[in-house]
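Peer 1: Here is the input, now give the coordinates:
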Amino acid sequence: MIQVVPKLKVEYGDFQTPLELAEKICYKLLELGVSPDIIIEPTCGTGNFVEASARSFQSASKIIGIEVNHDYLEQIGKNNQISQDGRIQVQQGNFFEFDWSSLIAQFTNKKILLLGNFPWVTNSQQGAIGGRNLPQKTNFQNHKGLDAIAGKSNFDISEWMLINSIQWLRDREAYLAMLCKTSVSRKLLNYIYSKELNLAYCATYKIDTKKYFAASVDACLLFCKFDSNVKKYFCDVFSSFDADNYYRIGYRNNTQIRDITSFDRLKDLHNPRMDAKWRSGIKHDCSNVMEFRKVDNMFVNGLGEVIDIEDTCLFPLVKGSDVAQNRTQSIERYVLVTQRYIGESTEYIQSIAPKTWNYLTNHSEYLDKRKSKVYKKNSRFSIFGVGSYTFAPWKIAICGLYKKLDFRLVGENNGKSTVFDDTVYFLSFEDEQAAQQTFKLLTSQTALDYYCSLIFWDEKRPIKSSILNSLNMTALAERLAINF
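Peer 2: The predicted structure is shown next:
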């Protein structure tokens, strides 16, 4: 029983919205002028949204709650506030099997408010616990090839549920007010934009998830107003229910922009087809074998073994955390770089560094078990994220995982090129002066403002190579009157 309860809690996204928060949301909707005829809560749980909406929207003629958990339905039945309100209809139903289209079709020419809180769980999390509370498996985002291998086919269950919800509401006057992850709210806006669906207004209001759910999740109330004749593809982002100031997510050149006001001020710097190439660092997926610490002039791997190998394939390693914390001068880590370009045979190591080859073969049980499919059809002991750029003497680096724009200028270490792990993006230079000039441009306030207009800081990897590469360095130099 100890393990069953957490599994069910995750599987059904069973984190009930407190009545206090449900009431705040309803009050905010009233402020926004929401006046529905019909209110539907598709996963009503213990009924807090049903109760709050009944108190707030006296003009609503019907309030419908659907819930899969029979125990919760019994709990709702004991709530006098709900049971004595004749407008409220609560019934058992599974979101993924319920006939929503028929229900919505009953209310032609009625303003519908879809209200609630869908599960905050991904399909991969469901798979990990053997959960079945999810839609039939289809690649609804149409990812292909390596994107699916790398995990882009993973999605939030709430994203799928929200997409289906707006399909019911399209081409009619309706409202959607749902709690969700902030990242999911943007994905929904992207979907509406890509399908050219009608949208009159969209906004998000950040919520305190630690206070209301004892969880550290970047989440919000997503509010959408639909109209049969309007297509406005933007989203106003508020820091709280009480905030007056906001920034506006919008679209330019078919790209979702975090802050279109800031972006438009700097749009002359935008060129997504720039030649400058930010690269990611080395990917090997076996740190215990491939990475070492230098201790008293000895190399120690992650298994705690003291290693005697040539320094031919050993290169000083700076990890993303080192870049973010500005620990790029004193280097203690090293990594085996087994290839000079993608696809190169690693057998050359046998002749130029035999002790290194013996080390690799003696630890092949670890390397051969690497799970990623990208290793399966490549040379044994292969790595990725390697090329001529890896061995350049000068680099400008930034960690993609941290929520700050801190660029670092990094040179060689003891005559060898410094390399990075795959959480780092970098530009490479053969010439120190060119590196210095580029570093000056990238650390200017103008460049930082440009990047901030594009970066969604709540994402797992907020800084992306596509964003870094979109900055027109020549236009930036002209704007700042700096030789480049």
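Peer 1: list the contacts for Leu162?
Peer 2: 118, 176, 178, 180, 184, 188, 222 (Cβ atoms under 8 Å, 6 or more residues apart in numbering). Every C-beta, even on glycine, is put in place using the N, C-alpha and C of the backbone.
Peer 1: Turn those residues into TSV, columns for distance to Phe95, secondary structure and pLDDT.
Peer 2: As requested, the contacts of Leu162 are arranged in TSV below (distance: Cβ to Cβ, whole Å; DSSP: H, G, I helix; E, B strand; the rest coil; pLDDT from 0 to 100):
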residue	distance to Phe95	secondary structure	pLDDT
Phe118	8	coil	93
Leu176	15	strand	98
Met178	13	strand	97
Cys180	14	strand	95
Val184	16	helix	96
Leu188	16	helix	96
Leu222	17	strand	98
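Peer 1: quick one: the helices in the stretch 251-400 of the chain?
Peer 2: Under the criterion DSSP state H, counting those that start in this stretch, the stretch 251-400 of the chain contains helices at 260-265, 287-290, 320-324, 349-352, 354-362, 364-367.
Peer 1: For the ones you listed, state which one has the densest average packing.
Peer 2: With neighbours defined by mean count of other Cβ atoms under 10 Å, none of the helices of the stretch 251-400 of the chain is more surrounded on average than helix 320-324, at a mean of 21.
Peer 1: Show me how far it is from its chain's centre.
Peer 2: 20 Å (Cα atoms, centre = their mean, to the nearest Å).
Peer 1: now do stretch 316-330
Peer 2: On the basis of Cα atoms, centre = their mean, stretch 316-330 is displaced by 24 Å from the centre of the chain it belongs to.
Peer 1: Return the helix or strand in the chain with minimum mean pLDDT.
Peer 2: One helix or strand of the chain scores below all others by mean pLDDT, DSSP states H and E: helix 145-149, with a mean of 38.
Peer 1: next one: the following helix or strand past it to chain centre, how far?
Peer 2: Reading on from helix 145-149 to the C-terminus, the next helix or strand found by DSSP states H and E is helix 157-169. Offset of helix 157-169 from its chain centre (Cα atoms, centre = their mean): 19 Å.
Peer 1: buried stuff in helix 157-169?
Peer 2: When burial is assessed from 16 or more other Cβ atoms under 10 Å, helix 157-169 yields the following buried residues: 157-166, 168-169.
Peer 1: ranges for the helices of the stretch 51-200 of the chain?
Peer 2: Counting by DSSP H, counting those that start in this stretch, residue ranges of the helices within the stretch 51-200 of the chain are 70-77, 80-83, 100-105, 123-129, 145-149, 157-169, 182-194.
Peer 1: and the shortest one, what does it pack onto?
Peer 2: Counting contacts by 3 or more Cβ pairs under 8 Å, 6 or more residues apart in numbering; DSSP states H and E, helix 80-83 is packed against helix 48-56, helix 70-77.
Peer 1: which of those helices is buried the deepest?
Peer 2: Each of these was assessed for mean neighbour count using mean count of other Cβ under 10 Å. The highest is helix 48-56, with a mean of 23.
Peer 1: and the most far-flung residue of the chain relative to its centre, what pLDDT?
Peer 2: Farthest-out residue of the chain from its mean C-alpha position, per Cα atoms, centre = their mean: Ser351, at 44.3 Å. Looking at Ser351, its pLDDT reads 96.
Peer 1: so what's it up against?
Peer 2: Neighbour list for Ser351: empty [criterion: Cβ under 8 Å, 6+ apart].
Peer 1: go on, His70?
Peer 2: Remark: with contacts taken as Cβ under 8 Å, 6+ apart, His70 is in contact with Gln92.
Peer 1: Distance-wise, check Glu291 relative to Val410.
Peer 2: 18 Å (Cβ to Cβ, to the nearest Å).
Peer 1: who has more neighbours, the two?
Peer 2: Under the criterion of other Cβ atoms under 10 Å, the comparison of Glu291 against Val410 puts Val410 first, with 26 against 19.
Peer 1: mean confidence score for stretch 48-66?
Peer 2: According to the model, stretch 48-66 has a mean pLDDT of 96.
Peer 1: where's it relative to the chain centroid, distance-wise?
Peer 2: Its chain's C-alpha centre lies 33 Å from the corresponding centre of stretch 48-66 when counted by Cα atoms, centre = their mean.
Peer 1: now do stretch 464-484
Peer 2: Here the centre of mass of C-alpha atoms in stretch 464-484, compared against the chain's by Cα atoms, centre = their mean, lies 26 Å away.
Peer 1: got a pLDDT number for Lys440?
Peer 2: pLDDT for Lys440: 96.
Peer 1: Let me fix that, I meant to ask about Lys144.
Peer 2: So, for Lys144, pLDDT stands at 45.
Peer 1: so where is the stretch 1-150 of the chain shaky, pLDDT-wise?
Peer 2: 1-14, 121-150 (pLDDT under 70).
Peer 1: if I look at the residue nearest to Leu188 when sequence neighbours are not counted, how far off is Val318?
Peer 2: For Leu188, the nearest residue in space outside its immediate sequence neighbours is Leu162; the separation is 5.0 Å by Cβ to Cβ, 6 or more residues apart in numbering. For Leu162, the distance to Val318 (Cβ to Cβ) stands at 40 Å.
Peer 1: and if you look at Arg408?
Peer 2: When distances are taken as Cβ to Cβ, Arg408 and Val318 turn out to be 8 Å apart.
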